[in-house]
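>>> sequence and predicted structure are below.
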Amino acid sequence: MKIAIMGTGGVGGYYGGLLAKQGHEVTFIARGAHLQAIQKNGLQIKSIHGDFIVSPAAAVANPAEVGAVDFVLVCVKTYDTESVARTMTPLVGAQTTVLSLQNGIDAAERIGKVIGVDHAIGGATWISSAVEAPGVIKQMSQFRRIVVGELSGGISPRVETLVEAFRPTGVTIEATDDIRKILWTKFVFISSASSLGSLTRLAMGEYRAVPETRAMILSLMKEVETVARAQRIALDDDVVQKALAFMDNAAPHIKASMQLDVETGRRSEIEAMIGVIGRKGRELSVPTLTADFIYAALLPIDLKAVRAS
């Protein structure tokens, strides 16, 4: 299959590399020194599941050089969603499917508004991976999970095709007939990990062990659960307990991608990871005191990063 990776960072670079290793025709959309390194040396993957190099690797800055493909994987930061969706229109033909593996809860819908909702499917991924150096991806977590599904519900042939493409890579992948439930289930965990990691600047194993901080994690998770249920999202009854267990069982050194951005002075996904909780809470008359506090505490840091970018 012909596949384009919009955003060759930790997530897109790693998954795209695995697909290329399986023989798919993968083109990496990248820029700057990262693009130049991939074009010159290939894409190097360092992973606890095995190192490899995609060489030669097809990599360009302009999607118009690629043309229509079978699948597009969108792995950019959520604040770039609309601009990237407009940029990638040359990749989208009549039969092209676009999968968002971004953070947050509504990226696929936002993409669909630009390229046509019929092209977009939803996805969620659990992975720890980052760009270590130009042309080098470092994947650090035991977990590598993807769940995909139609935004309208159900499991379509194109979803099944994507699942089968990933299956030989060793990644845990599954189709769902309720992707919105999956996105909100993940969000219960990732919004808390992003928030508390960014506030404390500590690895997960350190902040999760402090009782007072753990109480804040629990409070935020419950707020996200309440906001989701107010929208009739059919979360499992024990969704918060499962999210806490996942956090407790994660490797102690893990840091969320938003936290890494905050620590390095880059613009973060604060709106998609934290701000959205309060905004939806106000729309639904659901109190979100913990989310509002964390958002207010981190917003000046993000605004400073935006001004500097």
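Thanks, I have the structure now. Numbers count the residues shown, from 1 in each chain.
>>> helices of the stretch 201-309 of the chain, start to end?
Under the criterion DSSP state H, counting those that start in this stretch, the stretch 201-309 of the chain contains helices at 204-207, 211-230, 239-249, 257-263, 270, 276-284, 289-308.
>>> between these, which gets nearest to residue 97?
Comparison of the helices of the stretch 201-309 of the chain against residue 97 by C-beta to C-beta identifies helix 257-263 as nearest, at 24.5 Å. C-beta: built from backbone N, CA, C; applies to glycine.
>>> what about residue 209, distance to residue 217?
Distance of residue 209 to residue 217, given as C-beta to C-beta, to the nearest Å: 11 Å.
>>> in terms of neighbours, single out the busier of those two.
Neighbour totals were compared for residue 209 and residue 217, and residue 217 leads with 22 against 12 (other C-beta atoms under 10 Å).
>>> what sits against the more buried one?
Going by C-beta atoms under 8 Å, 6 or more residues apart in numbering, residue 217 touches 192, 196, 208, 244, 247.
>>> switch to 7 Å and redo it
Contacts for residue 217 (C-beta atoms under 7 Å, 6 or more residues apart in numbering) come out as 192, 196, 208.
>>> are any of those buried, and if so which?
If you count burial by 16 or more other C-beta atoms under 10 Å, the buried members of the contacts of residue 217 come out as 192, 196, 208.
>>> can you tell me which of those residues is nearest residue 124?
Using C-beta to C-beta, these come closest to residue 124 at residue 192, 15.5 Å.
>>> the closest one is in contact with residue 221, isn't it?
Yes. If you go by C-beta atoms under 7 Å, residue 192 and residue 221 touch, sitting 5.3 Å apart.
>>> what residues does stretch 9-25 touch?
1-3, 5, 8, 26, 28, 43, 45, 52, 54, 57, 73, 75, 101, 125, 127, 129-131, 137, 139, 165, 168-169, 171.
>>> identify the residues contacting residue 118.
By C-beta under 7 Å, 6+ apart, no residues touch residue 118.
>>> and it, how far from residue 156?
Distance of residue 118 to residue 156, given as C-beta to C-beta: 11 Å.
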